[in-house]
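Asks: mind looking at a prediction? Sequence and model below.
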Amino acid sequence: MIHARGLARSFETRGSKGGRGRQKSEVVAVAGVDIDVDAGEIVGFLGPNGAGKTTTLRMLTTLLKPTAGTATVAGFDVATQPEQVRQSIGYVSQSGSTLPEALAGEEIVDHGRLYGISKRQAETRGRELFEQLDLDGLWTRQPRAMSGGQRRRLDIAMGLVHDPRLVFLDEPTTGLDPQARANLWGHISALRSERGATIFLTTHYLDEADALCDRILVIDHGVLVASDTPEALKQQVAGDLVELIVVDAAQLPRAAAALAALVPGSAPDVEGSLVSLRVPHAGRELAGLLRALDRDGIALESIEVRRPTLDDVFLTLTGRSLREDAA
């Protein structure tokens, strides 16, 4: 459904003034990425701000011409067949595309007619989408009178009215409350399970990527640094995180030594009364660790074992948390 090889984009910028005016320089936003997305997949595309995520998305949706490389989307070349690409995809932007004062149903019909379907087809299709996306009764309502979740579902309906084979969702749940986000997750999953759609999703919510995506691509500094299933990526992080909070600060060195014994050559982190270390398959080691701590008379306020998360993966790959980057 998406096949890209060496896809790249650079921009020319003007720097500080020199002897003959401002000096020109080239900024490489995307440095040659290879992307494959199969029909029926939900693929998450993650990256820090400035990593090339938006530039890549804009190239794949024909909003920006590549400076190098090739890409076919829904079977059409983005450089030589942009109109066919646009007719074959649905695109839901982060900012949305509805007019606040328009009527929701009119927006759907107008959008459908832009894709070449008749007014009757657009209305029939739109009303079906309203029912499927829990928008019943809102056909004559203005978007400004809808909740945030309803407006995002309306945006998705607009992106689906022409029945695209491939849907690009750019930050679909940004700004929604947890309940509205969870509700929209169900609708996104149904696009694939009930409609057979292929979905290319960008998000700043790692729990969203974990819950929805079959595969995750991570881009940083214009290059892909990871491509795998969420579970496989989490397994690349070196072990589960074991955290001990010690009652008596004087026992911190012995608690750290007991924890370090689980991973030869390791050095646990100690911060205040907290001792932590990543331990492979920590669940297997927990009983022995507790016996060792009890034998040495080390009292704990708490012990916690955390499986690796996608945020841990992102931090390992890029050196920063995606949550921090989104803040």
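Replies: Looks like it came in fine.
Asks: buried residues in stretch 137-147?
Replies: Of all the residues in stretch 137-147, those buried under the rule 16 or more other CB atoms under 10 Å are Leu138, Trp139, Gln142, Pro143, Met146. Just so you know, the C-beta spots here come from the backbone N, C-alpha and C atoms, and that holds for glycine as well.
Asks: list the contacts of Ala145.
Replies: With contact set as CB atoms under 8 Å, 6 or more residues apart in numbering, Ala145 has no partners.
Asks: from Arg152, how far off is it?
Replies: Computed as CB to CB, to the nearest Å, the Ala145 to Arg152 distance reads 15 Å.
Asks: likewise Tyr91?
Replies: Distance, Tyr91 to Arg152, by CB to CB: 14 Å.
Asks: looking at these two, which is more packed in?
Replies: Applying other CB atoms under 10 Å to Tyr91 and Arg152 shows that Arg152 carries more neighbours, namely 27 against 21.
Asks: quick one: the more buried one and Ser97 touch, right?
Replies: No: if you go by CB atoms under 8 Å, Arg152 and Ser97 don't touch, sitting 11.3 Å apart.
Asks: the bottom helix or strand of this protein by mean pLDDT?
Replies: Least confident helix or strand of the chain, by mean pLDDT, DSSP states H and E, is helix 322-326 with a mean of 51.
Asks: tell me the secondary structure for the nearest residue to Gly297 once chain neighbours are set aside?
Replies: Counting by CB to CB, 6 or more residues apart in numbering, Gln251 is the residue found nearest to Gly297 once chain neighbours are left out, at 7.8 Å. Assigned by DSSP: H, G, I helix; E, B strand; the rest coil, the conformation of Gln251 is helix.
Asks: domain ranges for the protein, per the record?
Replies: 2-234, 238-307 (automatic domain parsing).
Asks: distance of the residue nearest to Gly297 from Leu206?
Replies: 35 Å.
Asks: sec struct for Ala157, please.
Replies: helix.
Asks: need the three-state assignment for the residue nearest to it when sequence neighbours are not counted.
Replies: Excluding the flanking residues, the one nearest Ala157 by CB to CB, 6+ apart is Leu129, at 4.2 Å. Of the three states, Leu129 takes helix under three-state DSSP.
Asks: so Leu129 sits against Val161, correct?
Replies: Yes: between Leu129 and Val161 there is a contact under CB under 8 Å: 6.6 Å.
Asks: between the two, which contacts overlap?
Replies: Common contacts of Leu129 and Val161 (CB under 8 Å, 6+ apart): Ile108.
Asks: could you pull out the helices for this structure?
Replies: 53-60, 82-88, 104-114, 119-132, 148-160, 178-193, 206-212, 230-235, 252-260, 282-295, 310-318, 322-326 (DSSP state H).
Asks: returning to what we had before: Gln251 and Leu206: who's more crowded?
Replies: More crowded of Gln251 and Leu206, by other CB under 10 Å: Leu206, with 22 against 19.
Asks: returning to that earlier point: to Lys24, which of the helices of the chain lies closest?
Replies: helix 53-60 (19.2 Å; CB to CB).
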